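Enquirer: what would the 3D arrangement of this be:
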Amino acid sequence: MNDKIDTSYLETLLGYNARRASLTIISRFIERMTEFDLRPVDFSVLSLMGHNPGITSRELCNSLNILAPNLVMFLKVFEKRGLVARTPHPTDGRSMGLTLTKKGQKLMQKAEVAALESDASAAHKLSPSEQKTLMRLLQKIYKTETTD
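Expert: Below is the predicted model of the structure:
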């Protein structure tokens, strides 16, 4: 039996490296979010609500690429936990705005600190400059320009 598996070809592939890094980062993040009873998607939805009070369901779905029926399920759970409130949208009478309750704000303040700590832990081998470069390069891959 070979003591060392040759992964050299796989390590030349962007997807392989991105997935391996993602698994490391996400597993730490999931571990840190257990105390808040949040999954990564829950965290993202609540964070967007916290930083965009009054955001609509449609805006959330578009921003996070979530299907509307799935978001409805998340919102029911968040409302049951007392984290989210629906309010009339200020400019669109057909839409409801979503905001965090005081309880939701307190939870997300703590969860966002834990998320930063999780990222720092996962990226501890990178210098601050390398972390900034990595973030910029990753965003360059997934953010699309509309000027095509």
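Enquirer: please enumerate the helices of the chain.
Expert: According to DSSP state H, the chain carries its helices in the segments 14-33, 40-51, 57-64, 68-80, 102-122, 128-142.
Enquirer: deepest in the core, which of the ones you listed is it.
Expert: Ranked by mean neighbour count, the helices of the chain are led by helix 40-51 with a mean of 18 (mean count of other CB atoms under 10 Å). No exception for glycine: its C-beta is placed from N, CA and C like everyone else's.
Enquirer: picking that back up, residue 92 is nearest to which of the helices of the chain?
Expert: When those are compared by CB to CB, helix 57-64 sits nearest residue 92, at 9.6 Å.
Enquirer: how about residues contacting the closest one?
Expert: 41, 44-45, 48-49, 52, 66-68, 71-72, 75, 95-96, 98 (CB atoms under 8 Å, 6 or more residues apart in numbering).
Enquirer: swap the cut-off to 10 Å and go again
Expert: By CB atoms under 10 Å, 6 or more residues apart in numbering, the residues outside helix 57-64 that reach it are 41, 44-45, 47-49, 52, 55-56, 66-72, 74-75, 86, 92, 95-98.
Enquirer: now stretch 86-97
Expert: 49, 52-59, 75, 79, 85, 98-99.
Enquirer: quick one: distance of it to the chain centre.
Expert: 24 Å (CA atoms, centre = their mean, to the nearest Å).
Enquirer: stretch 63-74 too?
Expert: 13 Å.
Enquirer: likewise for stretch 105-119?
Expert: 12 Å.
Enquirer: now stretch 51-61
Expert: Centre to centre, stretch against its chain (CA atoms, centre = their mean), the figure for stretch 51-61 is 14 Å.
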